[in-house]
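Novice: Fold the following for me, if possible:
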Amino acid sequence: MISVERPRCPAVFTPEFFSELVAHLGGDPRPIRSDWSWDILARRYPDLREGMENYFAEATTGDPASAAYQMVTYFHSPREWAEKVIEQAQTGNPPSAAVDMVRYCNSAREWAEGVIEHAQTGNPAFWAYYMARHLGSPREWAEGVIERAQTGNPTLWAVDMVKYCGSAREWADRVAARMRQRCV
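Specialist: Next up, the predicted model:
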């Protein structure tokens, strides 16, 4: 039985939010303490997994992409479910969650590249740089994402692409010039 008003999905997941979510899904939130994290929540409330998956799949606030990654990690939710939530997230930091899915949950690098390319929130420029430097994504792909990034600090990551990934300094200078024009 679902009770209590639906809580807003937060950007930072706290024990207070866990209490609200558990109550919303009909569980008893009284055992939740101020030091609880995702792993303790999953051990105490494994029976609420499906309700939590539905909640995060429908979330339009906070960081549902990060929650989807945490659900795979601690509740053993299906990877495919989390990938869909991350792809559809319009808030939070889907690029970061996509990279975590590659690093820790066996998602395909190419899938994460697609999430990063299409991200309208978060920091796609950083995560493109990270993927190129640490996870084998093509340098040219990362450069394209950095050039098109509308959030974050593309200039900073263009400089790091020069330092660590072999990008041309002239390219980074062009990215920096475009960012200066955008700020005027």
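Novice: Point out the other helices and strands that the helix or strand containing residue 160 packs with.
Specialist: Taking DSSP states H and E as the criterion, residue 160 maps to helix 154-165. Secondary-structure packing of helix 154-165 (3 or more C-beta pairs under 8 Å, 6 or more residues apart in numbering; DSSP states H and E): helix 124-134, helix 139-148, helix 169-183. In this view, the C-beta of every residue, glycine as well, is placed from N, C-alpha and C.
Novice: can you list the residues that contact the first one?
Specialist: Pointing back at helix 124-134 there. Applying C-beta atoms under 8 Å, 6 or more residues apart in numbering, the contact partners of helix 124-134 are 95-96, 98-99, 102, 109, 112-113, 116-117, 119, 137-139, 141-142, 145-146, 149, 151-154, 156-158, 160-161, 164-165.
Novice: circling back to that earlier point, could you give the separation of the helix holding residue 160 from the chain centroid?
Specialist: 21 Å (C-alpha atoms, centre = their mean, to the nearest Å).
Novice: Check which residues of that helix are buried.
Specialist: Buried residues in helix 154-165, counted by 16 or more other C-beta atoms under 10 Å: 154-162, 165.
Novice: can you give me phi and psi for the closest residue to residue 84 other than its chain neighbours?
Specialist: Nearest residue to residue 84, sequence neighbours excluded (C-beta to C-beta, 6 or more residues apart in numbering): residue 57, at 7.5 Å. Backbone torsions for residue 57, taken as degrees, to the nearest 10, come to phi -70, psi -30.
Novice: now the helices and strands packed on helix 154-165 as JSON lines including mean pLDDT?
Specialist: Below are the helices and strands packed on helix 154-165 laid out as JSON lines (pLDDT from 0 to 100):
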{"stretch": "helix 124-134", "mean pLDDT": "98"}
{"stretch": "helix 139-148", "mean pLDDT": "97"}
{"stretch": "helix 169-183", "mean pLDDT": "91"}
